[in-house]
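Participant: sequence plus the predicted model coming up.
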Amino acid sequence: MLTMSLGIDISKDKLDVALYQTGRYKTGSFSNDKDGWRRLAKWLKKQKAKGVHVCLEATGRYGEGVAMYLDKCGYAVSVVNPARIKAYGQSQLQRNKTDQQDAKVIAHFCATQNPSLWAPPSPEVQELQALSRRLETLKADRTRELNRQQSGLTSETVLTNIAAHIAFLNDQIAEIEQQMRDLIDQDPDLGQQHELLTSIPGIGDITAANFMAEVPDVTRFESAGQLAAYAGLSPRKHHSGSSIHRPGRLVKIGNRRFRAVMYMPALSAMRHNPIVQALVARLTAKGKSRMTIVGAAMRKLVHLAFGVLKHRRPFDPNYLVNLQGTT
């Protein structure tokens with residue numbers, strides 16, 4: 001059913017919008033800051049778009065502010081995987097690629113597909129997200145400095161400076177990790193989710209915290225497969241007729257941070273988690289490549305995490321192996 005819808009194309013500094021109703025569009029452009037969000041809300045009131053359904057792509061922090069602002073203003077807001085919008089635009093034979101055209105495609109998608117509504121995360125989860133992303137940045141900085149340290153530099157002055165910076169980053173990382181633990185300990189719901197996730201062999205304290213930061217509400221997903229797709233961990237098969245049988249690959253269209261969070265835990269689970277170990281043994285016997293096996297282990301770990309969070313039961317290999325029934 002067609003409804004009045006607003007498509008927002010997000011960039012760092014600008015919001016391009018398209019208001020769609022009964023085959024017609026009204027467009028506008030606003031700065032991506034608090035002043036721009038207020039101007040957008042006033043523009044919507046001027047258009048008498050009180051019951052509009054707002055839709056934007058999941059673009060990370062660039063879209064979070066306007067989504068939360070419009071939600072507080074009382075608008076229905078949907079935040080959609082960009083891959084869905086891209087596929088929809090292709091299905092509509094979209095030829096032009098401009099910000100305004102993209103906003104129109106999003107608005108039309110919203111009106112015709114009626115995507116599920118988005119709910120802003122709690123203040124505690126927003127803080128956990130901020131800490132998790134800061135931790136990611138600090139660890140990336142540390143990795144770069146460690147690489148420089150091992151790059152063959154001969155200047156003792158530079159090496160001393162690098163070592164001091166690494167020590168500083170280690171302290172900052174430890175402080176952020178402790179703040180994440182404290183935040184989880186102070187919130188009963190986060191604490192319960194953390195306890196459930198860490199009951200799974202392969203998922204430790206910080207991985208569980210990062211998981212909760214990227215997946216604030218597992219009930220948004222109807223199945224473990226949907227959650228795996230959100231992470232970009234769904235396999236893509238390429239079979240056509242009797243002659244084309246290319247190896248399966250991960251789609252990798254999804255939440256990059258979430259996918260990265262699951263990599264090291266999957267390696268650990270391949271050694272210590274009985275369900276993942278059984279999966280690895282089966283795939284190894286079939287001659288699958290190392291990266292295919294690691295990807296499958298990441299996907300299985302996501303399935304297990306979905307199971308314990310949805311059913312509010314700690315990890316039990318005998319229970320979950322029957323519950324999941326997937327590889």
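Facilitator: Received, thanks. Residues are numbered from 1 along each chain as shown.

Participant: point out where the stretch 51-200 of the chain drops to low pLDDT.
Facilitator: Across the stretch 51-200 of the chain, the ranges flagged by pLDDT under 70 are 60, 94-96.

Participant: can you give me the helices in it?
Facilitator: 61-72, 82-91, 99-113, 123-149, 156-186, 188-198 (DSSP state H, counting those that start in this stretch).

Participant: and this structure, what are its domains?
Facilitator: 5-113, 123-186, 213-324 (automatic domain parsing).

Participant: in stretch 112-130, which residues are buried?
Facilitator: By 16 or more other CB atoms under 10 Å, the buried positions in stretch 112-130 come out as Asn114, Pro115, Trp118, Pro120, Pro121, Glu124, Val125, Glu127, Leu128, Gln129. Every C-beta, even on glycine, is put in place using the N, C-alpha and C of the backbone.

Participant: possible to save those residues as JSON lines with distance to Ser199?
Facilitator: Compiled in JSON lines, the buried residues of stretch 112-130 are given as follows (distance: CB to CB, whole Å):
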{"residue": "Asn114", "distance to Ser199": "37"}
{"residue": "Pro115", "distance to Ser199": "33"}
{"residue": "Trp118", "distance to Ser199": "29"}
{"residue": "Pro120", "distance to Ser199": "28"}
{"residue": "Pro121", "distance to Ser199": "23"}
{"residue": "Glu124", "distance to Ser199": "21"}
{"residue": "Val125", "distance to Ser199": "21"}
{"residue": "Glu127", "distance to Ser199": "24"}
{"residue": "Leu128", "distance to Ser199": "19"}
{"residue": "Gln129", "distance to Ser199": "23"}
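
Participant: now for the residues you listed, which pair is the farthest apart?
Facilitator: Maximum pairwise distance among the buried residues of stretch 112-130 (CB to CB): 31.9 Å, between Asn114 and Glu127.

Participant: pick out the residue nearest the middle of the chain.
Facilitator: Residue closest to the average C-alpha location in the chain (CA atoms, centre = their mean): Asn255, at 3.1 Å.

Participant: so it sits against Glu214, correct?
Facilitator: Yes: contact criterion CB atoms under 8 Å: Asn255 and Glu214 qualify, at 5.8 Å.

Participant: include distance to Asp205 when you put the domains of the chain into a markdown table, please.
Facilitator: Below are the domains of the chain laid out as a markdown table (distance: least, CB to CB, whole Å):
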| stretch | distance to Asp205 |
| --- | --- |
| domain 5-113 | 24 |
| domain 123-186 | 7 |
| domain 213-324 | 11 |
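
Participant: those: which one's closest to Glu195?
Facilitator: Among these, domain 213-324 comes nearest to Glu195, with 7.3 Å by CB to CB.
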